[in-house]
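Enquirer: 3D model of this:
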Amino acid sequence: MLLPPVRHSPLLLTGLLTLTLALYLRGLFGGFLFDDYPNIVDNDFLLYLDGSWQSWKNAAFSSGAGLLRRPVSMLSFALNAYFAGMDPATFKLFNVFIHLLSGVLAYRLALLLIPLLATRNGAATQLSTTSQRLLALLVAAAWLLHPLHVSNVLYVVQRMNLLAALFTLAALLCYTVMRHRQLAGTTGSGWQLLGFACFSLLALLSKENGALIPFFVLVIELFAFRFAAASPVHRSMVRWGLALCAGAPAVFAIVYMVCNPEWLLSGYSTRDFDLMERLLTQARVLWHYLLWTFIPNIHWMGLYHDDIAYSKSLTTPWSTLPALLGLAGLMIAGWRTRNAAPGLYFAIAWLLVGHALESTVIPLEMVFEHRQYLPMYGVFLGLVAALAMPLQGRPKLALWLSLAILLALSLLTAQRSWLWGDSLRLMQVTAQDHPRSPRSVYDAGRALLDQPGSADDRRQRALAGRDYFSRAMQLSPTYVHPAASMVMTYQHEAAVPAALMADLTHRTAHMQRLSPLPVLLVIRAAAHKQLQIAPEAMAALVNATLGNPSTDNLSRGLVLTNYGNYLATAANDPQAAIGVTLAAIELEPRYALFQLNAAYLAERLGQPQLAAQHLANTELLDRIGEYRDEIAALREKLNAKDP
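Expert: Now for the predicted structure:
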C-alpha cells in the first residue's frame, strides 16, 4: 500500500474544493484587466442585451478572437452580464466554479489513468483502491491549489481557456470510461462516445485549444491503454479512429501552411519577432513554465512576461541552445524509460501536446501563464504515477511529503489571490517584481490614475504616475500606451509639451501592433478641452495613426470621427470637422456612431435636412439600441427647429 488507508475520499474531495474556493474568495474583488475591456466591458453586445434570441446570438458571436469566434465562452459572459450586471466579482466567481468543476473531472480522470500508468515493464503496481483514490486526489489537489493558476482563474477573459480545459477534461473522461468498458467487454459505450463528441465540440467553440483533444487521446492511448483491445477488430477501430481524428487534421494543417505560407507569415508583420525567433524563444519559455510549476515563486509570476528576451539565434541569449538540448534530452530520457516508467513519458508528451497550439508557429504573444493550465495537469498526473512504484512501501513518507507540498501551494495561492484582490496592489507589486517589463510598469501607473478621489488626489496620483510612464517609455521605444498616459497626466494644465507629443506621434507611427485606444483617449480629452494640444500636433498624431499599416478601417474611422469632434469643439472648425466625419463614414458606412456624429455636426452647421438623413441612418444601423437616447434627443431638437 502506497499511502495509509483513509476512508471517505468524497469527503476529502469536498474538503479540497472548499479549501480552493476559500483561497480564491480573497481575489474576487479586483477589477477588470487588459483584454477584459474589448471582450467584455466595452462590448456593446453584452451591455445592451435585451433577452431576445437575436441579442443572445449577437453576444455569442461578438468576439473577434479565433477562427470560430468562441461563441460558448462569449455566451457565458453574456449570461453573467444579463443576470448579474458588470460586477467583476461575479465574473471571477463564475471562473472559480469552472476551476472547481474541472478539479472534479481531473480527479475522476486521474483515478482511471493512474493504475494504467503506474506500471513497470508492463507489470502493474499493486495499488489498493484507497491508494488509487488518494493518488488521484493528490494530482487534483496539486493542480487546483497551484498559485500559477491564479492569473488564469481571476483574469476574467481567461474563462475562454478555463471552459476549453473543462470540456477537454470532460471529453477525455468520456473517452477513458468508454475504453475501460470496451476492455471489460461491457456494452453501452455509445453514450460515452456521444459525450466525447459533444464535449469536444464545446471545447472547440470555447477556444481553439479544443482542437488538441485528439492528440491528448493519442497520449492516453500510447502510454495508458497502449492500444489494448478485447479483439483485433476493436484494436483496429481504435487505431483508425485516432488516425482519422488526429492524423488527418495534423496533415491537413501542415499541408495548408506549406502551400499557403502567407497565411502564417502575415501574422508576423505586426509582431516584433519573426517565426524563427518565436520557435527559438519558445524552447526557453517551456522551461520557464516548468520552473514556475515546480518552484512556484510568486515573484516570478505576473500578468505579463514581456521582460523575457527573445532568442535571436542559438547563442543569443546563451540559454537558447541549452534549452533546446534540454528538451531533446527530456524526450530521449522519457522514451528510454517508457516501459520502466510510462508515467514519466506521459507527462512529457502531455506537456508538449498541451503547448502545441499556442507555443509553436502561430504568431501569438510569447508568454502567458494560462497556457500552462491544462499541460500542468498531465505533468502532475504522469509524475505521481511514475513515483507510485519508488514510494511503494513508504506510506508515511509519501503522506507527509504530499501534505507539505499541498500546504506550501495553498499558502502561495492565498498570498497571490490576496494580491489579485486589489488592482492597484497587484499592479504595483507586479511592477516591483518585473521592473524590466514595459507593460507591468505601465499598468502600475495606469492603475494609479484610475483610482477614485478628489481633484487634488488625482493630481498627486498623476504626478506619481509619470514616474511609471517614464520608465515604461524608456524600456520600450515604440510602446504607445505609456506615452499616451503621460500626455493624459497634463489634463487641466498648461499645454502638453511639444516634445512629448512628438514622441507619442513617433511611437504611434512605428508600433507594429497598434491599438487605437490610447490615441482615442488623447483625442477625446482634447475634444473636451481637458488637454491643450496644438492643432498641428494633433493633426500629426492623427496622420501617424492613420498611416500605421496595422490600423484597420474601423480604427481609422474611430480616429477620424473623434478627430472631427476635436475640430468642431477645441479647434472651432465645424466645416473641417464634417469633412473628416464623412471620411470616417466612407471607411465604415455601416457604423452607427459615425452617422450619429455626422448628424450632430450637420445640425450645428444649420443643415437640418442633412442632419435628419444621418439620424435616420443611425437609427437604421443601431440594431442593439446603443444610441437610442441620443437619437431621441437630437430628433426632438431638430423637430423643435422645424417650423
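Enquirer: Looking at Arg446 now. What's its pLDDT?
Expert: Here, the pLDDT recorded for Arg446 equals 93.
Enquirer: ok, it - contacts?
Expert: 427, 465, 468, 481, 485 (CB atoms under 8 Å, 6 or more residues apart in numbering). For the C-beta atoms, the positions are set from N, CA and C on the backbone; glycine is no exception.
Enquirer: Columns neighbour count on top of these, output as a markdown table?
Expert: Output for those, formatted as a markdown table (neighbours: other CB atoms under 10 Å):
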| residue | neighbour count |
| --- | --- |
| Met427 | 26 |
| Gly465 | 25 |
| Tyr468 | 25 |
| His481 | 24 |
| Ser485 | 26 |
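Enquirer: And those, which is closest to Ile332?
Expert: For the contacts of Arg446, the minimum distance to Ile332 (CB to CB) is 42.6 Å, reached by Met427.
Enquirer: residue contacts, that closest one?
Expert: Taking CB under 8 Å, 6+ apart, we find Met427 in contact with 440, 443-444, 446-447.
Enquirer: Let me have those in JSON lines, adding distance to Leu169 and secondary structure as columns.
Expert: Output for the contacts of Met427, formatted as JSON lines (distance: CB to CB, whole Å; DSSP: H, G, I helix; E, B strand; the rest coil):
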{"residue": "Ser440", "distance to Leu169": "32", "secondary structure": "helix"}
{"residue": "Asp443", "distance to Leu169": "32", "secondary structure": "helix"}
{"residue": "Ala444", "distance to Leu169": "36", "secondary structure": "helix"}
{"residue": "Arg446", "distance to Leu169": "36", "secondary structure": "helix"}
{"residue": "Ala447", "distance to Leu169": "34", "secondary structure": "helix"}
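Enquirer: neighbour-wise, which of the residues you listed leads?
Expert: Among the contacts of Met427, Asp443 has the most neighbours (other CB atoms under 10 Å), with 29 neighbours.
Enquirer: Give me the pLDDT for that residue.
Expert: On pLDDT, Asp443 comes in at 95.
Enquirer: What sits closest to it if chain neighbours are left out?
Expert: Spatial nearest neighbour of Asp443, excluding adjacent residues (CB to CB, 6 or more residues apart in numbering): Met427 at 4.6 Å.
Enquirer: So what would you say the end-to-end distance of stretch 309-319 is?
Expert: End-to-end distance for stretch 309-319: 11 Å, by CA to CA, to the nearest Å.
Enquirer: For the remainder of this discussion, apply numbering that starts at 23.
Expert: Sure thing, new numbering starts at 23, so read that last one as stretch 331-341.
Enquirer: For that stretch, buried residues please.
Expert: By neighbour count on 16 or more other CB atoms under 10 Å, the buried set for stretch 331-341 is 332-333, 339.
Enquirer: Just name the closest of those residues to Tyr588, please.
Expert: Nearest member of these to Tyr588, counting by CB to CB, is Tyr332, at 37.8 Å.
Enquirer: And that closest one, how far from Thr338?
Expert: According to CB to CB, to the nearest Å, Tyr332 and Thr338 sit 9 Å apart.
Enquirer: can you give me the strands in this protein?
Expert: For the chain, strands defined by DSSP state E occupy the ranges 141-142, 145-146.
Enquirer: Of those strands, which shows the lowest average pLDDT?
Expert: Ranked by mean pLDDT, the strands of the chain bottom out at strand 145-146, with a mean of 61.
Enquirer: where does the nearest residue to Arg360 once chain neighbours are set aside land on pLDDT?
Expert: The spatial neighbour of Arg360 that comes closest, neighbours along the chain excluded (CB to CB, 6+ apart), is Tyr367 at 4.5 Å. Here, the pLDDT recorded for Tyr367 equals 92.
Enquirer: Could you verify my assumption that Tyr367 touches Leu352?
Expert: No: with contact defined as CB atoms under 8 Å, Tyr367 does not reach Leu352; the gap is 9.6 Å.
Enquirer: buried set for stretch 49-65?
Expert: For stretch 49-65, by 16+ other CB under 10 Å, it's 49-50, 52-55, 58, 61-63, 65.
Enquirer: quick one: which of the residues you listed is nearest to Glu658?
Expert: Nearest to Glu658 among the buried residues of stretch 49-65, counting by CB to CB, is Asn65 at 29.2 Å.
Enquirer: Torsion angles phi and psi at the closest one?
Expert: phi -90, psi 110 (degrees, to the nearest 10).
Enquirer: do the one 5 residues further on as well
Expert: Tyr70 adopts backbone torsions of phi -120, psi 40, taken as degrees, to the nearest 10.
Enquirer: Just give me the neighbour total for the nearest residue to it once chain neighbours are set aside.
Expert: Leaving aside its chain neighbours, Tyr70 sits nearest to Ile646 (4.3 Å; criterion: CB to CB, 6+ apart). Neighbours of Ile646 under the rule other CB under 10 Å: 19.
Enquirer: quick one, what contacts Ile646?
Expert: 66-67, 70, 72, 77, 80.
Enquirer: Distance of it relative to Phe67?
Expert: Distance from Ile646 to Phe67, by CB to CB: 6 Å.
Enquirer: what's the overlap in contacts for the two?
Expert: Residues touching both Ile646 and Phe67 (CB under 8 Å, 6+ apart): 77, 80.
Enquirer: show me where the stretch 423-572 of the chain has helices.
Expert: Applying DSSP state H, counting those that start in this stretch to the stretch 423-572 of the chain gives helices spanning 445-455, 460-471, 477-497, 502-510, 520-532, 539-549, 557-569.
Enquirer: coming back round to it: so Tyr367 and Leu352 - more neighbours on which side?
Expert: With neighbours defined as other CB under 10 Å, Tyr367 and Leu352 compare such that Tyr367 has more, 25 against 19.
Enquirer: so how far is Ala355 from the more buried one?
Expert: Distance, Tyr367 to Ala355, using CB to CB: 9 Å.
Enquirer: Same check on Glu625?
Expert: Computed as CB to CB, the Glu625 to Ala355 distance reads 74 Å.
Enquirer: And for Ser333?
Expert: Counting by CB to CB, the separation of Ser333 from Ala355 is 23 Å.
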